[in-house]
Structures are given as C-alpha cells and as structure tokens.
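> Everything below, folded, please.
(chains A and B)
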Amino acid sequence: MFRYIWRHSWRDQILILLLVLASLPIYFIGLDLPRTIVNEAIEGTAFQSADTRRVLQIDLPWSDLWWGETVNLFNGFDLERVPFLVVMSFLFLALVILNGLFKLRINTAKGRLGERLLRQLRLTLVSRILRFPLRHFRTAKAPELATMVKDEVEPLGGFIGDAYVQPVFLGGQAATALLFILLQNIWLGLLAGGIALIQTFLIPKMRAPILHLSRERQLVARSLAGRVGDLVDGIAEIRSNRTFSYERAEIAGRLERIFDIRFALFRKKFMVKFVNNLLSQLTPFLFFLVGGYFAIQGTLNVGQLLAVIVAYKELPGPMKELIDWDQRRLDTQMKYEQVISQFSPAGLLEEATLSAPPDAPPGDAIAIRDLTILDAADTPLLNHVSLDLQTAGTVVFSGDGASALLTAIAGLENIDGGDIRLGGTSWSAHPSTAFHIPYVGKSAYLADGSVFDVLAYGLMRHSPDESGWIDYHRAGADGPQALRARMLEVLHAVTLDEDLYRWGLLQPIRDGVDAGRLLQARRAIAARLKADNLDDLLEPFDAAAYNHNASIAENLIFGFPARPDFHSGAISQNPVLRRVLRAENLEQRLVGIGAEIAAFMVEIFGDVSPDNALIEQFSFVSGDDLPEIKAILSRERKTDADNTRLLDLALKYSESRHRLDLLNDADRTTLIRARQRFRIAVGTDMPDAINFYTANAPTKGARLIDDILFGRIAEYKAKARSRIEALIRTVLEAEGLLPVVLEAGLSFKVGSGGRLLSANQRQLLAIARAIMRRPDLLLLDNALSGFGDEVQSRIIGNITALRGAAGLYIASSSDIFTLANARHIHFDGPRLAKEGARSQISAVGKEPVSWV
Amino acid sequence: MGLKDEIAVLAKVPLFKPLGPSQLKLLAFTSRRVTFDDGDLLCREGDPGDTTFVILSGSAAVIIDTDYGPMEIAAIATNDFVGELAILTDAPRTATVRAVGSVDALEIEKELFLRLVREFPDLAVQIMRDLAWRLFHTTRQLREAKSPVLKRPPQTDT
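You can find the predicted model right below:
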C-alpha cells in the first residue's frame, strides 16, 4: 500500500514533507521563546548589566568557525525592559500564528493529496472492473463491487495524506521537543526521552490483547443474537418440550461468557490507561524533583525549568497520535489488501487491448481449430471443434455449442483450447481483433439515454476530437443530419419504425415546427373522428368539462407548465395552486383523497418487494417511499409536510387509469371552478408560467400527441390508442409532418437499462445499435428469441438487405430455425454434428437433405 | 363498474384462486379496463399476442380459420379467461375472439403478468397445475378419439 501511495503521489508527499520540516524550526523557536520572556524580560536577567537589550541581532551561524570572526547579518536594535517584553510577547504571538498557518497549509495539502489519490484509486478500480474477464462476472456481484469502489476505499483517502507526513510531522515534533529539553539540560532530556521510549513500546504491547478481546466479544455477541433468533423461531418446540429452564440456562451461560470478556476488557483497558497516565505524570514529577534540585543548585534557571515543563507538555500529544496512526495504518493496510485482492482476478485483460483504436477488420475467413470452451463447472460447451467459416454471408448455428462459439468469436469468452484464427491472426495472439465484431446477446443492456444516444453508443471514438465523441464516418454519415437519417433507415430495417413513430408522438413539440400545419392536423383529426363515428375514442380538452383521462393536476393546470415550480413534481407545493384550492375548499378534500390512495397503495404494494418495477410503473410512489407513506398514514396529527405529500398523491390521480372511484360529480364541478380561478390567478400574476390549452394555437412544450389530438385518448375503449395512432399517422403524412415525428422519436428516453421499453424493443434497438457501426461481421446470439420464427426471418431478411454481403452469424436455440440462402451448422452437444439445419438432418436418417 | 367490482370478478376466475384480496386488488389495479363494441375483435388468429383478457361482462365467440372457412369452436362469457397461451409462450394467437354484443374486459399485459408470477410463486404453481390438468384432459380426449381407430384392426380380423 505504501508503495502504491508513494508511486502515485511522491511529488506531493515530498512537497508536504518539506513544509513539515520547514515548520519544525519555528516550532522549536516557539518552545524557546517563553524561556527568554520569563528569564530575561520578566525576571530581568538581561537588564542587570545594562538598561537595554539588543534584539533581532542575527549572526551568520558557525561563521566564526569558518572565518575566525563573527559575520553579522543584521545588527538588530536596542530595547528597554518593558518594550522588550512587549516585542518578545508579540514575537511569541507571531510564531503561534505562523505555526498555525503552517499547520493549515500542511493539512490542506494533505487533504487535497488524499482526495486526489482517492480519485485515482477509484478510477483504477473501475477500469479494473472494465478489464475483468467476462467469466469473472458470473461470480462477482455488482452491488459488492459498487460498494467497494464507493465506500470501502473512503477511509483510505483519509489515510493517504497522512501515510508519510503524519509520522514525520508528529515524530519531528516529538523529537524537537525532546531536543529542546536535551539542550536545556541533558539529564532531564535523557529522562524524558527514556520514559517516552518506554511508553512507545509498552502501550501498543499492552493494547494488543485488548484488540483480541474486542474481536472475541463481537463473535460471541453475534452468536448470541443468532441464538435469540433461534428461540423465536423455535418457540413452539420450546413450549411443547417444556425446555424453558434449559434454554434460559443456556442463554445465561452465554451471557456469563460475554460478561467475562467484557470485564476482562475493562480491566485491561483501564490498566493501560493507568500505566499511561502514570508514566506521563512520572516525568513532571522527576522534573520537579531533579529540575528543582538543579535550579536550587543554580545549574538550571527557573525559565529553563518552566520551558522544559512546557516542552514536555507538548510531548504526549504527538506520541499518542503516533500510536493512533500506527493503528490506522494496520486497519487501512488490511482493507487495502482486501480490496486489491477482489480486484485482481485471474485473466485480467490488458489495458492496451481494450483501448486500442478499433481499426482491424476481421479478415475474410475465420478458421476454428480444435476449439474447446468450458463452462464454469468445467463441462465442455465446445469440445475440439474445427470449422472453416467465411466472414461474408449468413450462417445459422444451432445446438448447445452455438452460443459459446459466437461469444468466443466476439472475444467475450476465453477459450480453453485450440484457436480461432481471424484472417490469419490467432485469437490468443491478438484478441483485440475480436473486439471489433459486434455481438448482441439474449438480453442486451441499454444505458440510460435517448434512442439517439443508444444508437450512437457504438460509434464512440477512442478519444474525442473537435466534433465530439461520435465517429460519423463509421456510420457512413458526414454529419449529424445524415447520421439521423441513417438511424431512421436502420430502425426501419429492424422493424422499429412503428415504435419510433409512437415514441415521437410522446415527445414535446420542437421549435421550428410549422404551427399552421399542426393546427391543420388538429382540425383534420377532429373531422376524421367525427366522420368515422369514432369521436368516443377521444375525450377533447374542454375548458368547461372535467377530463377523465387526465390526472387531477392536469385538469387543474389545463395546459403545459413552462416553469419548474408548476411541473407535476412540484405543483403540490405551488403557493398559487394551494391558494386556489383553499379558496374553493378543495384542499382538505384532496388531502382526504390522497389519504385514501395512500392506504390503497400500502395495501396492494406492501407485500411486493420494493425494487419491483411494478411499483414504479403503476404506483403513485416509489418502493422506497412506501414506508414513509405508511408512517404518514399512521400519524394521528398530520404535519403540513404530510398533508402536502397526500395532496401530491391526489393530484396524480387519473380516473380512467386508476379507477379507484374517488371523485363524485360535485368534486368535478369544484375542480372545474378551481381550474378557471387558477387560470385567472396565473394569467394575471405570471403569464409565462403555463402555456394554457387554447383551440386556436399549438400548446408550446406539450407532447405532440396531446396537442395534435387536443384531448386524451379514451383508454378504456378497446384499441382506441392503436386506431387513433393510425389515424394520426395518415393525417401527419398528408400534412408532411411524419418525418418530424419520426425524428422526434429519436429523443425518446429509454430509461435506465432500457426499462421503459419492452424486452423485444430492447433487443431490436441493440441490434440496430450494432448495425449502425457497419461491421463486416455481426453476431446475433439468440438475440431475436422473443419473436416467432416467421418474424425472425423477416427481420433478418431486412438486415441482410440493408447490409448486403456483410457477414451475419446467428446462434439459435430453436432447432427448426432455418433461413434461405444461409449456411446451417448444427452442434450436437459440444461437438459439431453436421452441416445443415437440425430439421434437415433428422428428416432422412440423420443425413442432411441438402447441403447449403 | 369500478375497481371493487373488477376485483369481485377476478376472484371468481379459477386461475387467480391462490391470490389473496390485496393481490387481487393489485392485479385489478395494474391491468387495463377495456370495452369492446359488438363485432370488435379481442384478438385475431395468427397475430402476435402479448395480452390476455378476463371477461367482466358480455360474451364473445372463439373462432378458428379452417379450410372450409371460419368456424366457431367455443363461446366465452363473464369470468372467463382468454388468450393466456399467448402470454406464457411466444406463440401467435391460436384463435380469433370476437365480441358478441358489448364486452367489458380486463386486459393484462404479458410483462406485467410475468412480474406478478415472479412476485407471487403461488400463482405460478396454480398455473402449472392448471396447465397440467388441461394436458391430462387433452391427452385423455386424444386417447378416446384414437382408441376406436386403434381397436379397429383386431375387430375386423375377428
């Protein structure tokens, strides 16, 4: 650990050490000054021969030794007794301040050093995680790694700054104080030094059994807790076997043991304290005795004795801290080693491999020779398989080994024997080649961000240049506009364009969209709905009617909140709204409704594990907030904050979606009145806070679908959404607005891990992300297994049409999956069975019907 | 008809027997309430299916396409559960279901349903039991349907 710290921070460490060394002389002078003040100024020894005293005369040290005469650097000036006292006292003050400033500077530098090294250490750990062999992730647990990076290295940061500096600083201080005493009187110095030495060695020795005992105490206490748990679980047995006395005696025995340990602990602890105090006080005792004797004899003056005692007072502090430092060193060392061992698994990838610029194409042919891959239990997934593959064209692999082969080609799995040669380069010799073959597995992971971000993820450069991280050239585009066009093309190929259109409808209206066309579309849709007799599919925004398909908050705001304090998350605390609600006597009513919702949520989600996506998707509250809601409900007298929380729940309530039957007609009428009052209040005080819905202008910032429909889809009508979306599509197409919507769809946020998408959408998007890079070879390892064979074939057909002759390897767990114009290879267990699809093989006595 | 009535209907569906009252509420709350007009299709044969329906009121006809044109093979009514195969497998819809008169139903999404199953293992056991029972039933029907054919040759011999 010290090596690590020194390697990464030696420059700062030396700088701080120099600072520390520079501070020591000042510390020394600070110790010496009281003697001068007492002896010369107060007792007046310097003024016995003259009325004045020369101060600040500085001679070059040792100059008389070298030149035979004293070289005077600064002649100083003469002072009388009282001014001398004043000057000396102020000098003392200045030294104290200087000493403090040094400490401040040293501590700041130490803190900065510690934080800097902590940052470095964390980065090292995270890059190590990125370099772990994939196999290691089967056993490594994500939260454990995360807490190690976040919490466990934290104390290290505190220690790093102290690692070298603290012993030097404290040791230096102790040594300076000791030196000072020695200079005053060699015997007193030796005395103090001897006792300090005894302390340094004796106290840690005496502390060792204490540590041992406290560890034992922990173990015994833990087992007691476990035993009490057993008692609770087995209470029925205890009653029916009538073992009450027996169990109680057993527990009493354990408690006795704990008592013994704790008592021994106390005894030892206080013994150490006693010895420590005794030794500390022994020195002054000797000082008084021996020093006093010298003073009376006249070999030591009173000022010196006082200074010695003051200096001695400085000694125990640094000594104690030194002992503590050693303790911390042991702790930190242990933690450091533990963390490091967790982050050094076998087969850690080379940093150079991962950061190499992705330029090497895999070559034309892939030769697999005698390839063996084992799973975690050392059972072969592939056993001595040899195979020649072309990079171009489509190959379908089926059977058990298919998936292992694809992960190995992608370089995601280590190989246990044999070789994969990519265009003549051995896999083991140059695995980085393999990393440029995009691979999409069964459940692809999407990072948080928009659809655009997801698709651009594969295009990130090795390092950003002036145009940013995205490498447009790799996607075959010359700029952002062309890139977006390419994205639409790829999304079309993976059959996501319908979804993209739907995502686009949920995006806010962007600047630059023609308002006239939007209004035109709005009117056209209303007319079409009427003509097709479908107007019950839509509940229009009507200033005089409550909208059942919108939440209470949306009904009150009746527009798009442009200011953050009017957004749905903050609206319950908005003073304007609160005033309006109070004026309409709605506040208490809504708080009551909120309480009903809260009770319902607690009832139905109380048993569900708090991290279940169900809660997030359907509840008014997150899983972590449920306990708080529970607490609010149980409180007899609710605080203002409680009421706001309940009001917040009520405001999110939507009648058609939540169907809790909480509103009656009178409520709705009052809510409409409140809406009008609110509109007036906001309109006069802060007209830019909300873009209200109006029939003759688009609502700025609102979701496209809300604005274009100027209402809400009646969700309870079967297929209402799909029918209306289809209708909107034809209207948008007629108005030439469809490309705008599709482009807006790229801004749709997929949520962390892509959780706002369905599993199939995630897979398709991951495939699209891989295609965006225009790879020579693409690996799909059961990536489309959520779809039926027919749909799979269609999507793969689209992909091949888009990518031309570029290679596509597909692993399919379905034995009957076949593709036209593709080579089929079937694995029987870990061995290569036959070329040809499984269905073809089994059709005629295990012989393939046709070699493809 | 609000959530309370939906819960009462769900409680009568055999599949949901193992669920307690608060779990039924959860199921009702998280599923979608839909109404179909006469002739509307709940689902269409061959389409990918990712939802299942519990009929709250009304009735519907189950129709399959045959070589001789559409054929009605069953009728479903209140408390019936339809389309559950689609959410347990990735198979497309095996039949078309058409509303007869107006139909009120609860639509349960596949992902939601699977999440519920994961959360409440009792539900999974019930589904297994249900499927095993149906398999048993189908096998017996198959045996009964086949047995005259299998017995025929010896009969003709004698």
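> Up against chain A, what does chain B have?
Neighbours of chain A within chain B, by CB under 8 Å from any CB of the partner chain: B:2-4, B:6, B:22-23, B:25-26, B:29-30, B:32-37, B:40, B:42, B:48, B:50, B:90-92, B:105, B:111-112, B:115-116, B:119. Glycine gets a C-beta too; all of them are placed from N, C-alpha and C.
> which regions of the stretch 51-200 of chain A sit below the pLDDT cut-off?
For the stretch 51-200 of chain A, applying pLDDT under 70 flags the ranges A:51-79.
> mind listing the strands for it?
In the stretch 51-200 of chain A, the strands defined using DSSP state E, counting those that start in this stretch lie at A:53-55, A:58-59, A:72-74, A:77-79.
> next one: the stretch 601-750 of chain A
Under DSSP E, counting those that start in this stretch, the stretch 601-750 of chain A gives strands at A:690-692, A:711-713.
> And chain B, by the same measure?
Counting by DSSP state E, the segments of chain B that form strands are B:32-36, B:41-43, B:51-66, B:69-76, B:81-82, B:96-109.
> tell me, which of the ones you listed is the model least confident about?
The weakest mean pLDDT among the strands of chain B belongs to strand B:81-82, with a mean of 82.
> now it, how far from the chain's geometric center?
Relative to its parent chain, strand B:81-82 has a centroid offset of 3 Å by CA atoms, centre = their mean, to the nearest Å.
> Mind listing the strands it pairs with, and their directions?
Strand B:81-82 has its sheet partners listed here by DSSP bridges as strand B:51-66 (antiparallel).
> And the strand it pairs with, what's buried?
Buried positions in strand B:51-66, judged by neighbour count with 16 or more other CB atoms under 10 Å in any protein chain shown: B:51-58, B:60-63.
> With stretch A:287-301 instead?
A:287, A:290-291, A:294-295, A:300-301.
> and these as TSV, adding secondary structure, distance to residue A:371 and pLDDT?
Converted to TSV, the buried residues of stretch A:287-301 look like this (DSSP: H, G, I helix; E, B strand; the rest coil; distance: CB to CB, whole Å; pLDDT from 0 to 100):
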residue	secondary structure	distance to residue A:371	pLDDT
A:287	helix	82	77
A:290	helix	85	80
A:291	helix	85	78
A:294	helix	89	80
A:295	helix	91	79
A:300	coil	88	73
A:301	coil	91	74
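> ok, the residues you listed vs chain B, which is closest?
Distances from chain B to the buried residues of stretch A:287-301, taken as CB to the nearest CB, are shortest for residue A:287 (75.0 Å).
> What's the PyMOL line that selects buried ones from the residues of chain B next to chain A?
Paste this into PyMOL to select the buried members of these, with burial taken from 16+ other CB under 10 Å:
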select buried, chain B and resi 3+6+22+23+25+26+29+30+32+33+34+35+36+40+42+48+90+92+105+111+112+115+116+119
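> As TSV, the buried residues of strand B:51-66 with distance to residue A:541 would be great.
Shown next, in TSV, are those (distance: CB to CB, whole Å):
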residue	distance to residue A:541
B:51	29
B:52	33
B:53	31
B:54	32
B:55	33
B:56	29
B:57	30
B:58	31
B:60	34
B:61	38
B:62	40
B:63	39
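> ok, of these, which one's closest to chain A?
Using CB to the nearest CB, the buried residues of strand B:51-66 come closest to chain A at residue B:53, 9.6 Å.
> quick one: the residue nearest to the closest one when sequence neighbours are not counted from residue B:23, how far?
Ranked by CB to CB, 6 or more residues apart in numbering or on different chains and with sequence neighbours excluded, the top spatial neighbour of residue B:53 is residue B:105, at 4.5 Å. Here the criterion is CB to CB, to the nearest Å. By it, residue B:105 lies 20 Å from residue B:23.
> Likewise for residue A:195?
Following CB to CB, the distance that separates residue A:195 from residue B:23 is 74 Å.
> try residue B:146
For residue B:146 relative to residue B:23 (CB to CB), the value is 41 Å.
> For residue A:738, give me its contacts.
Listed by CB atoms under 8 Å, 6 or more residues apart in numbering or on different chains, the contact set of residue A:738 reads A:501, A:729, A:732.
> Please convert those residues to JSON lines, extending it with pLDDT and neighbour count.
What follows is the contacts of residue A:738, written out as JSON lines (pLDDT from 0 to 100; neighbours: other CB atoms under 10 Å in any protein chain shown):
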{"residue": "A:501", "pLDDT": "90", "neighbour count": "18"}
{"residue": "A:729", "pLDDT": "88", "neighbour count": "17"}
{"residue": "A:732", "pLDDT": "87", "neighbour count": "25"}
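> Would you mind giving these as JSON lines with distance to residue A:28 added?
Listed next are the contacts of residue A:738 as JSON lines, based on distance: CB to CB, whole Å:
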{"residue": "A:501", "distance to residue A:28": "80"}
{"residue": "A:729", "distance to residue A:28": "86"}
{"residue": "A:732", "distance to residue A:28": "84"}
